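Q: Here is the input, now give the coordinates:
(chains A, B, C and D)
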There are 2 protein chains.
Amino acid sequence: MAQAPEKFVSSYLLYLLAASSEAASHQFHVRVRELGLRVPEWRVLACLFDQDGLMITQLARFSLMEQSRMTRIIDQMEKRGLVVRRSDKGDGRRVRVYLTDEGQELSVQLVGEAKDHETSLLSALSPADAERIKPSLLRLLDSLNSSLIAND
Amino acid sequence: MAQAPEKFVSSYLLYLLAASSEAASHQFHVRVRELGLRVPEWRVLACLFDQDGLMITQLARFSLMEQSRMTRIIDQMEKRGLVVRRSDKGDGRRVRVYLTDEGQELSVQLVGEAKDHETSLLSALSPADAERIKPSLLRLLDSLNSSLIAND
DNA sequence: GAATAAAATATGAAATTTCATATAAAATGA
DNA sequence: TCATTTTATATGAAATTTCATATTTTATTC
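A: This next block holds a predicted model:
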């Protein structure tokens, strides 16, 4: 988005990750808002696109946010007719969230656009970087997850 | 933090970036809160550590947040005695933010811990990944910034 | 050099987010 | 089985964040 000052921040790993994420998402998030959605709602649609009927807790984890916030986001999406709640038969604590037809349609649309956007992002990189970036990030995530478990 | 479902999300570049950023920062952000700071406040301290006397607008940009929010964060940090505002002589619109002694001390402390934490993160990666990750992210940021300009 | 535009910061009000905790259902265990 | 603990979700209240816009100062343009 801009150049960081000098010394520390501009080459600090956590800054680079946050700034890359922010910069890479920015354009697409603008598009999400054009369609009348907020970013967390788009994340829910994307998760349900992959697997309909996820629980609130799972949606929160995959969408990188807290459960109580996700509960309210689902409230709004439900009012808007994008998803419906159904309690899990077999475990009454669980609330499963399903796409409505409208939600399904929007999710298909946006996932398509997301893929196109990703392609255009990757094409702005060198071929070597484009090829390596996703596997690298996956390995980073993996190593973070295992060290997290180790630290519990 | 957890494994994403299947198909789309779990290998979507923007998800991988957001999730890596989140996962990589998590432990350190816990530490930030232990010291009684919130993440945006830590970001301000880090920016001012690099270059004291930045403007509100610059702090907002480097800290990846909106100006009005930064104004209020500086309000709080000022009340807490971590920074002081001084208006720029030469341009009365600008407010420059400076570390107090206490702010300075905290920023030195936290930047030190951030560097240690970064080292430990990198050591969890393969040597090849550890060596490449920062340059790769810098190139990604670069290419995003230039394409941003191109799209204006 | 006056009028207009632009830049930097601040602020009210609405909306969202967080934090702690309530509620309810299922699992555990004595 | 009954009591206790754990898991899943919801919710009130406080705090933060956003959005639009006000205010002030500097730049620009005619």
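Q: can we go C-alpha only for contacts and neighbour counts from here?
A: Noted.
Q: if I look at A:Ala18, how far off is DNA strand C?
A: Look at A:Ala18 and DNA strand C: by C-alpha to the nearest atom of the strand, to the nearest Å, they are 15 Å apart.
Q: Show me which residues of chain A sit near DNA strand C.
A: Residues of chain A lying near DNA strand C by C-alpha under 7 Å from any atom of the strand: A:40, A:65-66, A:68-69, A:72-73, A:90-93.
Q: Tell me the secondary structure of A:Gly36, please.
A: coil (DSSP: H, G, I helix; E, B strand; the rest coil).
Q: circling back: out of the residues of chain A next to DNA strand C, which are buried?
A: The neighbour-count test (16 or more other C-alpha atoms under 10 Å in any protein chain shown) marks A:40, A:73 as buried among the residues of chain A next to DNA strand C.
Q: and which of the residues of chain A next to DNA strand C is nearest to A:Ser146?
A: The shortest approach to A:Ser146 among those belongs to A:Met65, at 20.1 Å (C-alpha to C-alpha).
Q: What distance do you get for that closest one to A:Thr57?
A: A:Met65 sits at a distance of 10 Å from A:Thr57 (criterion: C-alpha to C-alpha, to the nearest Å).
Q: any idea of the mean pLDDT for stretch A:108-126?
A: Taken as a whole, stretch A:108-126 has an average pLDDT of 96.
Q: Same check on stretch A:22-35?
A: Averaging pLDDT along stretch A:22-35 yields 94.
Q: can you pull the alpha-carbon coordinates of it into CSV?
A: As requested, C-alpha coordinates have been extracted for stretch A:22-35 and formatted as CSV (Å, rounded to 0.1, in the frame of the first residue of the first chain):
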residue,chain,number,x,y,z
GLU,A,22,-3.9,-6.6,3.0
ALA,A,23,-2.5,-5.4,-0.3
ALA,A,24,-3.4,-8.6,-2.1
SER,A,25,-6.9,-8.7,-0.8
HIS,A,26,-7.7,-5.1,-1.3
GLN,A,27,-9.0,-5.0,-4.8
PHE,A,28,-11.1,-8.1,-4.4
HIS,A,29,-12.6,-6.9,-1.1
VAL,A,30,-13.7,-3.8,-3.0
ARG,A,31,-15.5,-6.0,-5.4
VAL,A,32,-17.1,-8.0,-2.5
ARG,A,33,-18.4,-4.7,-1.1
GLU,A,34,-19.8,-3.8,-4.5
LEU,A,35,-21.9,-6.8,-4.3
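Q: quick one: the helices in chain A?
A: Secondary structure of chain A (DSSP state H): helices at A:13-34, A:39-50, A:56-62, A:67-79, A:101-123, A:127-150.
Q: Pull the residues that contact the helix or strand of chain A with the lowest mean pLDDT.
A: Using mean pLDDT, DSSP states H and E, helix A:127-150 stands out as the lowest-scoring helix or strand of chain A, at a mean of 87. Contact with helix A:127-150 is made by A:122-123, B:1-2, B:11, B:13, B:16-17, B:19-20, B:23-24, B:121, B:124-125, B:129, B:133, B:136, as judged by C-alpha atoms under 8 Å, 6 or more residues apart in numbering or on different chains.
Q: does it come close to DNA strand D?
A: No: if you take C-alpha under 7 Å from any atom of the strand as the test, helix A:127-150 misses DNA strand D, and the best it gets is 14.7 Å.
Q: If you count neighbours, what's buried in that helix?
A: Applying 16+ other C-alpha under 10 Å to helix A:127-150 flags A:129-130, A:133-134, A:136-145 as buried.
Q: just stretch A:72-79 next, same as before
A: A:73-74, A:77-78.
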